[in-house]
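**Student:** The following block contains a protein sequence and its predicted model.
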Amino acid sequence: MIDFSKATEELNSYKGSEKKKTLIYNNIRYLVKFPDPIREKNKNISYVNNAFSEYVGSNIFKIIGFETQNTLLGTYTYNGREKIVCACEDFTDGNHVLYEFENLALSANPDKKIDTELSDIMEVIEEIKNLTQIIIADNIKEKFWDMFIVDSLIGNTDRHNGNWGLLVNARSSKAGFSPIYDCGSCLNPMLEDNQIERINEVELKNLAINCYSCIKENGKKINYMTYIKSTKNEECNNAIRNIIKKINIDEINNFIDKIPSMTIVRKEFYKKIIYYRYEILKSVYNKLLNR
């Protein structure tokens, strides 16, 4: 793996809750995310696997065909301790500016501060079309629902309004759905290997099914699989029709198997929980075919 300890460090300008550094590696700027030394109440968690989650989640989006932030897995040694880190390439530059959805919402309607209520998000997406400062080049609503389906596959519990948005060309003002970024809250990063080893098949299936988005409906967080299985939202249904054909489980499994420095226990956990969710998505797709 790459040793990012030898990279050039710049002052960090990135937001977020995780510990991170801004590093230049091979003349490319990276946001480098470190494992969080978070302690939950009544838990003794000394190492959180958000670097693996970020790397795997981002690359699954890429395998499925999304334009996605490039990520590299590596190490960083500080005070004599080597840590596994995930380096996320900065896809912005002088000509391409990222506008996170929460900022777009304020631009579209400064009187309305939104949370992650689904109806508010859909309303703001419509309002963004009326912004005169940018030229929308993508179907933002369609891209949002495609992202929602893949987030359901990887179990992303934190796709809030600050980690997706539009990438705007500063010269032409053309705006497209930004590359996918910030997937560190997928695939149960708070579970350590010794906890995974104690999970039986029934518990694993329950983990796969009982996964909640931070997006809400009527004030309550959406259970991904319950919402998708309801087939009540035609835009979500269309995303299922679009995405299911692009999911190659063998390719995802092969990618996971080749990840360095990850235990077999964690690899098998990732593959199984993704497969359980894939089977649900596939069953919904077949249901939609028979309508």
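**Tutor:** On my side now, so go ahead. Numbers count the residues shown, from 1 in each chain.
**Student:** which residues does Tyr78 contact?
**Tutor:** By CB atoms under 8 Å, 6 or more residues apart in numbering, Tyr78 lies in contact with Ser5. Every C-beta, even on glycine, is put in place using the N, C-alpha and C of the backbone.
**Student:** Try it again at 10 Å.
**Tutor:** 5, 21, 34 (CB atoms under 10 Å, 6 or more residues apart in numbering).
**Student:** May I ask which of these has the most neighbours?
**Tutor:** Of all the contacts of Tyr78, Lys21 has the most neighbours under the rule other CB atoms under 10 Å, reaching 20 neighbours.
**Student:** OK, contacts around that one?
**Tutor:** By CB under 10 Å, 6+ apart, the neighbours of Lys21 are 4, 7, 9-12, 14, 30-34, 76, 78, 85, 87.
**Student:** quick one: the helices in the protein?
**Tutor:** 50-64, 101-108, 118-128, 140-154, 193-196, 201-209, 224-230, 234-243, 249-257, 264-289 (DSSP state H).
**Student:** Tabulate those helices in CSV, adding columns for mean neighbour count, distance to Asn218 and mean pLDDT.
**Tutor:** Listed next are the helices of the chain as CSV, based on neighbours: other CB atoms under 10 Å; distance: least, CB to CB, whole Å; pLDDT from 0 to 100:
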stretch, mean neighbour count, distance to Asn218, mean pLDDT
helix 50-64, 24, 28, 96
helix 101-108, 18, 19, 92
helix 118-128, 16, 9, 95
helix 140-154, 22, 17, 98
helix 193-196, 14, 33, 94
helix 201-209, 14, 21, 97
helix 224-230, 18, 12, 98
helix 234-243, 17, 16, 98
helix 249-257, 15, 33, 98
helix 264-289, 17, 22, 98
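**Student:** mind checking which of those helices is nearest Ala170?
**Tutor:** helix 101-108 (15.3 Å; CB to CB).
**Student:** which outside residues touch the closest one?
**Tutor:** Residues from elsewhere that reach helix 101-108, judged by CB under 10 Å, 6+ apart: 99, 112-116, 120-121, 123-131, 133-134, 140, 144, 159-166, 168, 175, 178.
**Student:** Tell me how far Ala175 lies from Ile121.
**Tutor:** Per CB to CB, to the nearest Å, Ala175 is found 17 Å from Ile121.
**Student:** Hmm, Pro35 and Thr75 touching each other?
**Tutor:** No: contact criterion CB atoms under 10 Å: Thr75 and Pro35 do not qualify, at 11.2 Å.
**Student:** When those two are compared, which one has more neighbours?
**Tutor:** Under the neighbour definition other CB under 10 Å, Thr75 and Pro35 were set side by side, and Pro35 has more, 19 against 15.
**Student:** In strands, which of the contacts of Lys21 fall?
**Tutor:** Of the contacts of Lys21, the ones assigned to strands by DSSP state E are 9-10, 30-33, 76, 78, 85, 87.
**Student:** and which of those residues is nearest to Ser152?
**Tutor:** Nearest to Ser152 among the ones in strands among the contacts of Lys21, with distances taken as CB to CB, is Lys33, at 22.7 Å.
**Student:** Give me the local confidence score for that closest one.
**Tutor:** Confidence at Lys33, expressed as pLDDT, is 90.
**Student:** For it, name its beta-bridge partners.
**Tutor:** Lys20, Cys86 (DSSP bridges).
**Student:** Could you do Leu72 as well?
**Tutor:** As for beta bridges, Leu72 partners with Ala87 under DSSP bridges.
**Student:** quick revisit: please identify which of the helices of the chain is closest to Ile215.
**Tutor:** helix 118-128 (5.5 Å).
**Student:** How about residues contacting that closest one?
**Tutor:** Contacts for helix 118-128 (CB under 10 Å, 6+ apart): 99, 101-102, 104-109, 112-115, 117, 134, 136, 139-141, 143-145, 148, 161, 166, 175, 213, 215-218, 222, 227, 233, 235.
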